[in-house]
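[1] compute the structure for the input listed below.
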Amino acid sequence: MKLQVSFDIPDLDKALNIAHEIIDHVDIFELGLLLIYKHGIHAVETFRKAFPEKVLLVDLKLIARGYDAIPLFAQAGANWVTVLAGASQNAIHATCNEASKYNMRAMIDLLDAPTLGQSALEAKNVGASALIFYQPYDDKEALIYLDNWDMIRGNTDLPIFIAGKIKRSNVKNAIKVKPDGIIIGRSIMEAENPLEEVKFFRDVCNNN
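    Numbering: from 1, shown residues only. All right, here's what the predicted structure looks like:
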């Protein structure tokens, strides 16, 4: 099981400091929306320079203009981007197709999927390489979204990552569905000891 850490904070220096501390225990570094909103392409370039071998995912949540955005982030050093399931099929396909030209991969974020099962079923045909099943922090009830897991898993053989409100107290419930990866953000970004926190989740991933 892969461990992806989301740096969804506006403080680039803090993100870099945490990244240096936890790099050996993480498979994918995700540059979150807040980091990209504040620092843009510069955040990607800075992470790539600091971590030349690390897989970088940029959580752009693209819904349009992916064809134009992909080259910008590819040149900055991104390996993955996210595109929203609610975008048109043509927009998703164009984004995935453009990503493949740059040896990048696209992950479909099911956050706004009109129909979870249908979006999962169509994901491979439009060129996606993975899916994110995500619950926003704004939602009050943690992990209730996992009730819909079978609807997604039953319609695709692509890797599925789960994200949103996953923490020490509920991670064992989250991984019962056997995702291909988990995405941890706030639990690590706000931890007093990020290294200790990430080691806990690394052990969970390694043992499941």
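[2] which parts of this structure are strands?
    Assigned by DSSP state E, the strands in the chain fall at 2-7, 28-31, 55-62, 80-84, 105-109, 130-134, 160-163, 181-184.
[3] Provide the contact partners of the second one at residue level.
    The contact list for strand 28-31 (Cβ atoms under 8 Å, 6 or more residues apart in numbering) reads 2-8, 15, 19, 23, 43-44, 47, 51, 54-59, 78, 80, 181, 183, 185. Bear in mind the C-beta positions are built from the backbone N, C-alpha and C, glycine included.
[4] what bits of the chain have low per-residue confidence?
    Along the chain, the parts satisfying pLDDT under 70 run over 135-145.
[5] try it again at 80.
    Low-confidence segments of the chain, defined by pLDDT under 80, are located at 135-147.
[6] show me where it has its helices.
    Secondary structure of the chain, counting by DSSP state H: helices at 12-22, 33-39, 41-50, 66-76, 89-101, 116-123, 149-153, 171-174, 186-189, 194-206.
[7] for ChimeraX, write the select line for the buried members of the contacts of strand 28-31.
    To isolate in ChimeraX the members of these that are buried, counting by 16 or more other Cβ atoms under 10 Å, one can use:
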select :2,3,4,5,6,7,8,15,19,43,44,47,51,54,55,56,57,58,59,78,80,181,183,185
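[8] I'd say residue 38 and residue 12 touch.
    Yes - judged on Cβ atoms under 8 Å, residue 38 makes contact with residue 12 at a distance of 7.4 Å.
[9] contacts only, for the closest residue to residue 6 other than its chain neighbours.
    Leaving aside its sequence neighbours, residue 6 sits nearest to residue 185 (Cβ to Cβ, 6 or more residues apart in numbering; 3.5 Å). Residues in contact with residue 185 (Cβ under 8 Å, 6+ apart) are 5, 6, 7, 8, 30, 32, 163.
[10] returning to that earlier point: out of residue 38 and residue 12, which sits in the more crowded spot?
    More crowded of residue 38 and residue 12, by other Cβ atoms under 10 Å: residue 12, with 17 against 13.
[11] how close does the residue nearest to the more buried one when sequence neighbours are not counted sit to residue 202?
    Leaving aside its sequence neighbours, residue 12 sits nearest to residue 39 (Cβ to Cβ, 6+ apart; 5.2 Å). In this view, residue 39 and residue 202 are 27 Å apart by Cβ to Cβ, to the nearest Å.
[12] ok, residue 94 next?
    For residue 94, the distance to residue 202 - Cβ to Cβ - is 36 Å.
[13] next one: residue 80
    20 Å.
[14] what do you get for residue 134?
    Using Cβ to Cβ, residue 134 is found at 21 Å from residue 202.
[15] quick one: which of residue 94 and residue 202 has more around it?
    residue 94 (22 against 18).
[16] quick check: the two most widely separated of the contacts of residue 185?
    7 and 163 (13.2 Å; Cβ to Cβ).
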